[in-house]
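Student: Compute the structure for the input listed below.
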Amino acid sequence: MAWQSSTSATRTSPVGRASASLVRLARRTGLRRARRPGPHGRSSGWRPALELIKGPGLRGSAGVLQAEQNLLIHLSQLPDARGLRLVIDSQPVLSYDLAERVKDDFPSLVGRWGSRAATYTKLAKECRNLAGLIGDGRNASTEGSVLLSRLRKVPAFEPLTPEKAKAFVRLFHRIDSRITVIIARDSMQDNRSLR
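Tutor: Coordinates of the predicted model:
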């Protein structure tokens, strides 16, 4: 069947394997997609849709959180291959840095974020052969660059509050899910973008 051949091609391609490792990371860390409200309006983990945070860049870790949320919002448009690589390249840097910042206050997050950084590092290496156009989500790659710029400006001694740590966990999960969908969608299209 056609769907079986595209699925097996996805599993054997480098990008497909990297995409699968992101899915495994999400399962291993216990993160799941946010649920939508049931038929009777009761919510079981559902949250309202995130919105773009406009205005000037916030200072410190709040600015990094702002850029990460805006990155997620802009990922609703498919980025081109170059833009996707820029987004993927920003995530391990952010994860490693935040893992270092929370090692004393939130030791349970250090392993999770270290694993996430390692997965994105591997994904970045396996996506080096990604070519062609997936889409035109230029804003997502711009936010990835803004994110790294703001991260460099955050003082090393600035603590990460529990609320910000939780917000990063939620955003990381949603970005991981979205990037996995983008990569899976691209690799299932007859592996056209792999050279």
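Student: dump the residue contacts of residue 75.
Tutor: Going by Cβ atoms under 8 Å, 6 or more residues apart in numbering, residue 75 touches 87, 137, 140, 175, 178, 179, 182. The C-beta positions use only the backbone N, C-alpha and C, and glycine is treated the same way.
Student: Just flag the most distant two among those residues.
Tutor: The two members of the contacts of residue 75 with the most space between them (Cβ to Cβ) are 137 and 175, at 12.9 Å.
Student: quick one, which of those two is more surrounded?
Tutor: Taking neighbours as other Cβ atoms under 10 Å, residue 137 and residue 175 compare with residue 175 leading, 23 against 20.
Student: Would you agree the more buried one is in contact with residue 68?
Tutor: Yes - under the contact definition of Cβ atoms under 8 Å, residue 175 touches residue 68, with a separation of 7.3 Å.
Student: ok so, going back, which one in the contacts of residue 75 is the model shakiest on?
Tutor: Ranked by pLDDT, those bottom out at residue 137, which has 60.
Student: Over to residue 161: give its phi and psi.
Tutor: phi -70, psi 160 (degrees, to the nearest 10).
Student: what about it, how many neighbours?
Tutor: By the criterion of other Cβ under 10 Å, residue 161 has 12 neighbours.
Student: For it, which residues are in contact?
Tutor: Counting by Cβ under 8 Å, 6+ apart, there are no residues that residue 161 touches.
Student: just use 39 as the starting number from now, easier for me
Tutor: In the new count, where the first residue is 39, that last one comes out as residue 199.
Student: Tell me how far it lies from residue 178.
Tutor: In this view, residue 199 and residue 178 are 26 Å apart by Cβ to Cβ, to the nearest Å.
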